[in-house]
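*Asks:* what follows is a predicted protein model with its sequence.
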Amino acid sequence: MNILYVSHLNTNVAAGPNWSVPASVNAQSKIDNVLWLNTTDVIMEHWKVVKVFHNKAEFGGIHLDLLPSPFNKPDLAVFEGFNFKDQVVFSWELNRKKVPYIIVPRGSLTYEAQHNHSWLKKKIAHILFLNSYVRKARAIQYLTTGEEESSKRTFKTRSFVIPNGFNTPNKQKVEFSKDAIKAIFIGRLDMYHKGIDMLLDAIAQIKPQLEEANFHLSIHGPRRYDYYKIGEEIKRLGIETVATLKDEIAGKEKESELMQSDLFVMTSRLEGHPMGLIEALSYGIPCFVSRGTNMLEEIRHSDAGWTCEVTTDAIKETLLRIVNEKNLLCEKGGKALALSKNYQWDKLAEQFHKEVESIL
């Protein structure tokens, strides 16, 4: 099968798609004949490892006629991401030439994402052209059942679920802190999207209990988005003893920080399928997640950590529960590692191929 992948990635190290898209494409290229076209001019070093990677500068634009055979007439196009104008415009050409396409919206179609603080702008865009873009897709690939259920409240296009994956690291967490809880968040520092405002408020309300338990949260992310606002909020709330803002980390440094952590925290309002969370699971680190991560049911069902609803009170109550159940960290870490086995890239590529065959 000849599959054309189309993405719109930048060079933000903390952005999950910058890692999950190349990994997914690379795994799929072992089964199908694949070309990956990124519609920006940027390149990250690890993209070069994927032999089928190209950016639009190589072809002089984004048109089927500019692509080499057989990708000028592919069996399928896959749009990675959503809300990118160049992808929507390209979909018009695909429709004219009767090339079916699939969209991987990565959380952008959920009810919560459509009704957040920028809902009016999104509603206008959907009325003008995005609704047609979704409706004419052969199918939508959601990353979790939670994302699918939430999105289908509005969008009825045929769909299937295949999650993000992760390559199992060589190291796994086996020892946890005896007299402390070292928690960590790694990701994009969007105060609203990631629910960091609620998390910090919850921490402030139970600061004495967290200090007594020797709990500390390290927040890692790039110096953009709400980085400085988060630093100011930590100072305003007076929680410097239990929460620290740090710079983004990657590679060996990130692995080292994860291996020294006892708990991965993600209390997002909105997510597709967070790569950082899957990565933490693959190291055997138990996770504390909100329903907004779209991983609540998986974490709860496998007992791989702690879960809560998307409110400050729920986060606060769960943090207190974690403090009281600290002795379960090691046990839940083992279950986190077991859960991560469901997210092997090569297995997911096989699933995708079978889904696409049935759709086409």
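*Replies:* Done, it's in.

*Asks:* now the strands for the protein?
*Replies:* Defined through DSSP state E, the strands belonging to the chain, from first to last, are 2-7, 33-38, 53-55, 76-80, 101-104, 139-142, 159-161, 181-186, 215-221, 243-247, 263-266, 287-290, 305-308.

*Asks:* now those strands as CSV including mean pLDDT, mean neighbour count and distance to residue 340?
*Replies:* Yep, even glycine has a C-beta here, placed from its N, CA and C like the rest. What follows is the strands of the chain, written out as CSV (pLDDT from 0 to 100; neighbours: other C-beta atoms under 10 Å; distance: least, C-beta to C-beta, whole Å):
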stretch, mean pLDDT, mean neighbour count, distance to residue 340
strand 2-7, 97, 24, 24
strand 33-38, 97, 22, 25
strand 53-55, 94, 19, 26
strand 76-80, 97, 24, 22
strand 101-104, 96, 24, 21
strand 139-142, 96, 24, 20
strand 159-161, 95, 18, 17
strand 181-186, 98, 22, 16
strand 215-221, 97, 22, 20
strand 243-247, 97, 17, 25
strand 263-266, 98, 26, 12
strand 287-290, 97, 26, 10
strand 305-308, 98, 23, 12
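
*Asks:* any idea which of those strands gets closest to residue 88?
*Replies:* The closest of these to residue 88 is strand 76-80. By C-beta to C-beta, the value is 8.9 Å.

*Asks:* before we move on, the earlier item: which of the strands of the chain sits closest to residue 229?
*Replies:* Using C-beta to C-beta, these put strand 243-247 closest to residue 229, at 10.0 Å.

*Asks:* hmm, who's touching the closest one?
*Replies:* Contacts made with strand 243-247 from outside it, assessed by C-beta atoms under 8 Å, 6 or more residues apart in numbering, are listed as 200, 203, 216-223, 227, 230-231, 234.

*Asks:* who touches the residue most central in space within the chain in this structure?
*Replies:* Central residue of the chain (C-alpha atoms, centre = their mean): residue 274, 2.5 Å from the mean position. Under the criterion of C-beta under 8 Å, 6+ apart, the neighbours of residue 274 are 16, 164, 187, 266, 268, 293-295.

*Asks:* residue 354 is nearest to which of the strands of the chain?
*Replies:* Among the strands of the chain, strand 159-161 sits nearest to residue 354 (C-beta to C-beta), with 9.8 Å.

*Asks:* sheet-wise, list the partners of the closest one with their directions.
*Replies:* When sheet partners are counted by DSSP bridges, strand 159-161 sits next to strand 139-142 (parallel).

*Asks:* how far does the partner strand sit from the chain's center?
*Replies:* If you compare the mean C-alpha spot of strand 139-142 with that of the full chain, they lie 15 Å apart, counting by C-alpha atoms, centre = their mean, to the nearest Å.

*Asks:* need the contact partners of it.
*Replies:* By C-beta under 8 Å, 6+ apart, the surrounding residues in contact with strand 139-142 are 78, 102-105, 109, 134, 148, 151, 155, 157-162, 352, 355, 359.

*Asks:* send the alpha carbons of it over as CSV?
*Replies:* Below are the C-alpha coordinates for strand 139-142, written out as CSV (Å, rounded to 0.1, in the frame of the first residue of the first chain):
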residue,chain,number,x,y,z
ALA,A,139,-12.0,8.1,8.5
ILE,A,140,-10.7,9.7,11.7
GLN,A,141,-8.0,8.0,13.7
TYR,A,142,-8.4,8.8,17.4
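
*Asks:* quick one: residues contacting the residue lying closest to residue 180 once chain neighbours are set aside.
*Replies:* Counting by C-beta to C-beta, 6 or more residues apart in numbering, residue 214 is the residue found nearest to residue 180 once chain neighbours are left out, at 3.8 Å. Contacts here follow C-beta under 8 Å, 6+ apart; on that basis residue 214 touches 177, 179-181.

*Asks:* between these, which is nearest residue 37?
*Replies:* Closest to residue 37, out of all of those and judged by C-beta to C-beta, is residue 181, at 44.7 Å.

*Asks:* with residue 8 as the reference, measure out to residue 85.
*Replies:* From residue 85 across to residue 8, the span is 9 Å (C-beta to C-beta, to the nearest Å).

*Asks:* of those two, who's got more company?
*Replies:* residue 8 (19 against 11; other C-beta atoms under 10 Å).

*Asks:* read off the pLDDT value for the more buried one.
*Replies:* Here, the pLDDT recorded for residue 8 equals 93.

*Asks:* can you tell me how far it is from residue 17?
*Replies:* As defined by C-beta to C-beta, residue 8 lies at a distance of 9 Å from residue 17.

*Asks:* one step back: okay if I get the contacts of residue 274 as JSON lines plus distance to residue 256?
*Replies:* Output for the contacts of residue 274, formatted as JSON lines (distance: C-beta to C-beta, whole Å):
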{"residue": "16", "distance to residue 256": "20"}
{"residue": "164", "distance to residue 256": "23"}
{"residue": "187", "distance to residue 256": "17"}
{"residue": "266", "distance to residue 256": "20"}
{"residue": "268", "distance to residue 256": "24"}
{"residue": "293", "distance to residue 256": "24"}
{"residue": "294", "distance to residue 256": "28"}
{"residue": "295", "distance to residue 256": "24"}
